[in-house]
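Asks: have a look; sequence and predicted model below, questions after that.
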Amino acid sequence: MQCCDLRLELTKVMRILYERKYISSLSGNASVREPGSSEFWITPSGVFKGALKPSDIIKMSVDGRVLEGRLKPSSEWRFHAAIYRKRKDVNAVIHAHNPITVALTMAGVAIDPVTAEGILFLRKVKVIPYAPPGSEELAKKVAEGIGDCNALILEKHGVVAVGRNLTEAEAIIETLEDEALVHFIIHVFHALHS
Ligand SMILES: [Zn+2]
């Protein structure tokens, strides 16, 4: 796949995440790379996320250097780079702010997959203790957590999903929020009937 296709794919996935309310105007980010590459494309910081253009996308190296692009990379570039350094099988990373997932986790509910799709796509969901957004500390915790799973919940913040491509990572974001909604309804149902 050519680099411009990857950039276009990134803009499309961000628009879908924005329309589905998993990210807001200025929050959320995503990146993608050619399989095995030491460079990746990432969404910019401070730009409306619902209507990005391929020319807004920035190219970075996995050691954190900006290689191409006129805008600033997402403030979360550190954990994107750290994931690519750690996981050779990962070619796409998405960070969103799934509201139900974040709220349920703050309420102390563990989102262990129970639906057929959740078990298949998510397998394991890990919660990462709070660290400030954009920090080296968060990047370190995310890289540690992502070692053996594809879906992380960032306490009081959002979620991180990884995949072999953007479609896989997006499926994890969506499946995680669906799973959270199922958990919420089960909890309400039990509370009403206990
Ligand atoms: Zn965030």
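Replies: Here it is on my side, so go on. Because the structure is predicted, anything quoted here is derived from the model rather than measured.

Asks: which parts of the lengthiest helix in the chain are buried?
Replies: Using DSSP state H to define each element, the chain has its longest helix at helix 166-192. Within helix 166-192, the residues that qualify as buried by neighbour count (16 or more other C-beta atoms under 10 Å) are 166, 168-180, 182-184. All C-beta spots, glycine's among them, are computed from the backbone N, C-alpha and C.

Asks: assumed residue 156 was part of a strand.
Replies: No: counting by DSSP: H, G, I helix; E, B strand; the rest coil, residue 156 falls outside a strand, being coil.

Asks: in the protein, which ranges drop under the pLDDT threshold?
Replies: 1-4 (pLDDT under 70).

Asks: so where do the helices sit in it?
Replies: For the chain, the helices defined by DSSP H cover 3-19, 77-86, 99-106, 116-121, 136-145, 166-192.

Asks: of those, which is nearest residue 31?
Replies: Closest to residue 31 of the helices of the chain is helix 77-86 (C-beta to C-beta; 4.5 Å).

Asks: could you pull out the buried residues of that closest one?
Replies: Under 16+ other C-beta under 10 Å, the buried positions of helix 77-86 are 77, 78, 79, 80, 81, 82, 83, 84.

Asks: need the contact partners of it.
Replies: Defining contact as C-beta atoms under 8 Å, 6 or more residues apart in numbering, one finds that helix 77-86 is touched by 29, 31, 33, 38, 40, 42, 60-64, 74, 90, 93, 95, 134-136, 138-140, 142-143, 146-147, 160, 162.
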